[in-house]
Each structure stands twice: as C-alpha cells, then as structure tokens.
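**Q** sequence first, predicted coordinates after that:
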Amino acid sequence: MSDPGNTAQQQPTPTELAYVAAEEARRRRLGLPPLPRRRRGRARFVRTVLRWLLILCVVALVAVAAVGAWAYATGQVGPLRGDEKAMARTLTLAGDTPTWADPEQLRCASESLVRDQGSTGLLDAGVVTRTGSGFSYTGEWPSALAKQWYTEVLDCADGVGASSWAGQVAGAWTLEDSACLAEVGRPAIAGVLAVTSLRLTDEDVAAENTTATTALDGCYARTPEAPTGRASSGYREVTVAVTAPVVTAGVASIDDGGAEPTSGEDPELTYTLPVAKGDAEACVQATTKVTYAWGTVRTGEPAKLCGRSAAPRMEWRKVEHSCPKGTPKCTYIAAYVDGLSANQSLTVTYKPSGDFKCPAKKPTCKVKIKAGVQGRAQTDGILATGKDGRIQASAGSLKATYPSS
C-alpha cells in the first residue's frame with residue numbers, strides 16, 4: 001500500500017508537464033484564462049481523514065456491543081438469572097414488604113438491590129439464607145442495607161400524585177399532604193421507613209434519623225383536642241360512648257387510664273360503668289393520643305366524661321295472690337320499688353281514700369321493705385277488686401298512685 005504522505009508520488013510525469021505547457025500556450029494565444037491549479041494533496045488528505053473516522057466509528061460500535069454483551073451476560077442489564085433471579089423473587093415476596101407499594105415496584109426494587117449487592121452480598125449480610133436450591137428470607141437487616149432497600153422502593157415508584165413515592169408514604173402514614181415529605185427528601189424518608197418497618201441488627205441509621213423526624217414533627221405533629229363523650233342512663237349503670245377527635249395526620253386513639261371498654265374500636269369506645277344505686281354519677285377520664293408513623297406521640301388534655309344512672313322509681317304492680325272466699329276473680333296490687341342500693345331498707349307510706357282503708361281506719365299506714373342484691377323490693381299485696389277511690393304510696397321522693405288515672 002502506498003503512503004499518502006509521500007511527496008514523490010505527488011509529482012507530475014513528463015508527459016503531463018508537456019501537455020500542460022502546450023495547453024497553457026494555446027490558451028494564451030486565444031486569450032483564454034489559464035488552467036486552474038490542481039489541489040491533489042488536499043483531496044488526498046480529506047479522504048485519509050474520512051477513512052480514519054470510519055475506522056474509529058467501527059471500533060467504537062464493536063466496543064459498545066462487547067460491553068453490552070458482557071453486561072447482559074453478567075446480569076448488569078437485562079433480566080436476572082440463576083441465584084440472583086431467585087433471590088430477587090424471595091425479597092419481592094417477603095412478608096414485611098410495604099403493602100402500599102405495588103407489585104411491579106417491589107420487583108423493580110428487589111432486582112435493583114440484588115444487582116447492586118449481588119447474591120453473595122445479601123447472603124453475607126444475613127438478609128437471606130440458602131435453603132436447598134433456593135433462598136429463604138430471614139427478616140433481619142443491617143440498617144444501612146435496609147435504608148438502601150427502601151431507597152430502591154421509593155426510586156421505583158414512577159407514578160404521580162398519590163402514586164408517587166411521597167404520595168404513597170403520605171397515604172401509608174395517614175398524613176394530610178405529602179409536601180413536607182418531598183422537602184425532607186427521599187433518602188431521609190427511606191431511613192425512617194427502614195427503622196420503623198424492618199427488624200434491624202444495628203442502630204446506625206436510627207441515630208441518623210433525628211434530623212428527619214424533627215422535620216416531620218414540625219410539619220405534622222400537633223397536640224390533639226380532648227375526646228368527647230355521650231352518656232346514657234341504665235339500671236344502676238351508666239354507658240359513656242367516647243370519641244376521639246378527627247386528626248389530619250397520624251392515628252388518633254383513646255387513652256383511658258386502664259378502664260375497660262365494653263365495645264367499640266379506637267377511636268370510638270363505649271364504657272359501661274356499674275353504680276351502686278339509681279341516679280348515681282359515673283365518669284370516664286380519657287385523653288386523646290395521636291401516634292405518628294415515625295414514632296412521635298402527642299397527647300392532649302384529659303377530659304372527664306360523666307353520666308348518671310336511671311333514677312329509682314316506684315309503681316303499683318299486680319301480684320299473684322289467692323282471692324277471698326266468695327270472690328272467684330280478684331286483683332291484688334303491691335308498691336314496687338327499684339333502683340335501690342343492695343339490701344337497702346325503705347319505709348313505704350300508704351295514704352288511702354274511698355274504699356281503700358288502713359288498719360284501724362287510720363289516715364295513713366306504713367310498711368317496711370328491704371331490697372335484694374339487685375336493688376329491687378315490693379310491699380305485700382293489697383286487694384284492689386271492688387274498691388273505689390285511690391291509694392297513694394310514697395317513700396321520700398318516690399310516689400305512685402293507684403289507679404293512675
């Protein structure tokens with residue numbers, strides 16, 4: 001191959017020189033312009049440059065193809081294979097994966113973490129163990145690796161609004177909006193998620209989370225209002241329904257100081273409070289407690305929520321009693337009292353009129369009764385059949401008249 005840079009090869013032959021001289025002479029005779037000078041050297045240079053550029057392009061394409069083939073073969077790009085594929089699947093299906101992340105997002109995060117750490121890296125860290133021909137998840141993470149896992153999970157969220165990483169976390173943490181999450185930043189939020197969601201083998205990341213949790217407190221944590229109550233009266237008992245206020249961030253619950261609710265679920269609980277007698281007060285002291293996902297708790301002022309049991313009452317009731325001779329059908333009545341204390345004694349005064357008479361025709365008569373453990377008592381029966389008039393029974397503020405109208 002000739003050397004394009006050899007100047008000897010660029011000299012014209014004698015025949016070419018003679019032709020050029022004859023042509024120049026002819027042009028002078030005819031008054032024509034001289035022949036243009038040939039720039040053979042420049043054209044050869046351009047062709048040489050283009051040739052080398054082509055060679056370099058071919059070499060570059062070959063190099064790119066080789067790198068791509070290597071990356072594909074080693075799992076750096078393209079689908080994972082072998083142990084790394086099995087390990088990524090194990091992570092994707094782990095029981096403590098975030099429920100707010102979609103399956104494709106978890107698959108993306110698992111594969112990214114496995115590509116970065118390799119199968120040996122996760123084995124050495126103790127996140128997975130080899131089981132037969134596959135792997136099992138241990139649930140234990142070095143904190144730095146746990147933070148990287150959640151960083152991958154957030155990075156793989158490709159939606160907007162509620163489907164963005166900040167929107168997903170705001171929904172999971174019951175926050176009113178996600179603006180502050182974006183300000184705190186994805187890496188810091190990943191650290192908080194790692195500490196609050198996974199079982200860690202060290203506290204390195206927890207120590208680093210102070211700045212993030214302080215920022216989250218400033219954005220979202222608030223002292224809640226006191227709970228409200230609705231009381232209803234029962235027989236020697238009070239029922240109080242307690243409701244925590246609605247909060248815009250965190251989870252509200254009721255702190256009742258150890259009282260036992262009889263029904264309901266936080267933040268709406270119902271307490272049934274027994275009392276010794278009717279018209280007695282009973283109270284629940286409750287406080288609203290709001291718990292935030294990053295561990296902060298805010299407690300409001302306690303509220304005393306009270307109600308009263310149903311008041312004691314007296315009424316006339318028919319009672320079973322044998323009829324006097326010659327009276328096939330008869331009605332006996334007795335003064336019935338409830339809402340008393342257990343074993344409470346009470347004096348009932350009768351004030352009759354008309355055919356109702358007290359012994360010895362006294363204007364009033366008295367009878368003593370005693371309540372049982374349930375707080376109920378009644379007088380002996382009085383014949384009411386064939387009687388005209390009224391009879392009033394009273395004991396303190398309790399009164400009952402027969403007939404009632």
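**A** Yes, it's here. Note that this is a predicted model, so its numbers are computed, not measured. Residues are numbered from 1 along each chain as shown.

**Q** per-domain residue ranges of this protein.
**A** Following automatic domain parsing, one gets these domains for the chain: 39-78, 82-220, 228-308, 313-402.

**Q** any chance of these in TSV with mean neighbour count, mean pLDDT and distance to residue 32 as columns?
**A** Quick note: C-beta positions are derived from backbone N, CA and C, even for glycine. Formatted as TSV, the domains of the chain follow (neighbours: other CB atoms under 10 Å; pLDDT from 0 to 100; distance: least, CB to CB, whole Å):
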stretch	mean neighbour count	mean pLDDT	distance to residue 32
domain 39-78	11	62	21
domain 82-220	18	94	74
domain 228-308	17	96	94
domain 313-402	15	94	139
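
**Q** need these in JSON lines (columns: distance to residue 31).
**A** As requested, the domains of the chain are arranged in JSON lines below (distance: least, CB to CB, whole Å):
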{"stretch": "domain 39-78", "distance to residue 31": "26"}
{"stretch": "domain 82-220", "distance to residue 31": "78"}
{"stretch": "domain 228-308", "distance to residue 31": "98"}
{"stretch": "domain 313-402", "distance to residue 31": "143"}
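
**Q** out of those, which comes closest to residue 22?
**A** Judged by CB to CB, the one of the domains of the chain that comes nearest to residue 22 is domain 39-78, at 20.3 Å.

**Q** next up, phi/psi of residue 350, please.
**A** Residue 350 has phi and psi values of phi -100, psi 140 when expressed as degrees, to the nearest 10.

**Q** contact partners for the residue nearest to it when sequence neighbours are not counted?
**A** The spatial neighbour of residue 350 that comes closest, neighbours along the chain excluded (CB to CB, 6 or more residues apart in numbering), is residue 365 at 4.9 Å. Under the criterion of CB atoms under 8 Å, 6 or more residues apart in numbering, the contact partners of residue 365 comprise 349, 350, 352, 358, 359.

**Q** of those, closest to residue 279?
**A** Using CB to CB as the measure, the one of the contacts of residue 365 that approaches residue 279 most closely is residue 349, at 20.7 Å.

**Q** wait, the closest one touches residue 363, no?
**A** No. Contact status for residue 349 versus residue 363: not in contact, 10.5 Å apart, counting by CB atoms under 8 Å.

**Q** what sits in contact with each of these two?
**A** With CB under 8 Å, 6+ apart, residue 349 and residue 363 have no common neighbours.

**Q** and residue 404, how far from residue 335?
**A** From residue 404 across to residue 335, the span is 13 Å (CB to CB, to the nearest Å).

**Q** give me the common contacts of those two.
**A** Common neighbours of residue 404 and residue 335, using CB under 8 Å, 6+ apart, are residue 316.

**Q** put the alpha carbons of the biggest strand by length in the chain into CSV.
**A** Among the elements of type strand in the chain, defined by DSSP state E, the one spanning the most residues is strand 281-291. What follows is strand 281-291, C-alpha atoms only, in CSV (Å, rounded to 0.1, in the frame of the first residue of the first chain):
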residue,chain,number,x,y,z
GLU,A,281,-72.9,9.5,88.7
ALA,A,282,-70.1,7.6,86.9
CYS,A,283,-67.3,9.0,84.8
VAL,A,284,-64.5,8.0,82.4
GLN,A,285,-61.4,10.1,82.3
ALA,A,286,-60.0,9.9,78.8
THR,A,287,-57.2,11.5,76.8
THR,A,288,-56.7,11.7,73.0
LYS,A,289,-53.4,10.2,71.9
VAL,A,290,-52.1,10.7,68.4
THR,A,291,-49.3,8.3,67.2
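
**Q** paired strands for the following helix or strand past that strand, with orientation please.
**A** Later in the chain than strand 281-291, the nearest helix or strand by DSSP states H and E is strand 297-299. Note on strand 297-299: by DSSP bridges, its sheet partners are strand 281-291 (antiparallel).

**Q** how distant is the strand it pairs with from the center of its chain?
**A** If you compare the mean C-alpha spot of strand 281-291 with that of the full chain, they lie 23 Å apart, counting by CA atoms, centre = their mean, to the nearest Å.

**Q** contacts for the host helix or strand of residue 191, please.
**A** Assigned by DSSP H and E, residue 191 belongs to helix 186-197. Applying CB under 8 Å, 6+ apart, the set of residues contacting helix 186-197 from outside is 96, 98, 141, 143, 146-151, 153-155, 165-166, 169, 181, 200, 205-206, 208-209, 211-213, 215-216, 293-295.

**Q** what does whichever helix or strand comes after it rub up against?
**A** Using DSSP H and E, the next helix or strand after helix 186-197 towards the C-terminus is strand 199-200. Applying CB under 8 Å, 6+ apart, the external contacts of strand 199-200 come out as 96, 139, 140, 141, 142, 143, 146, 194, 206.

**Q** thank you, goodbye.
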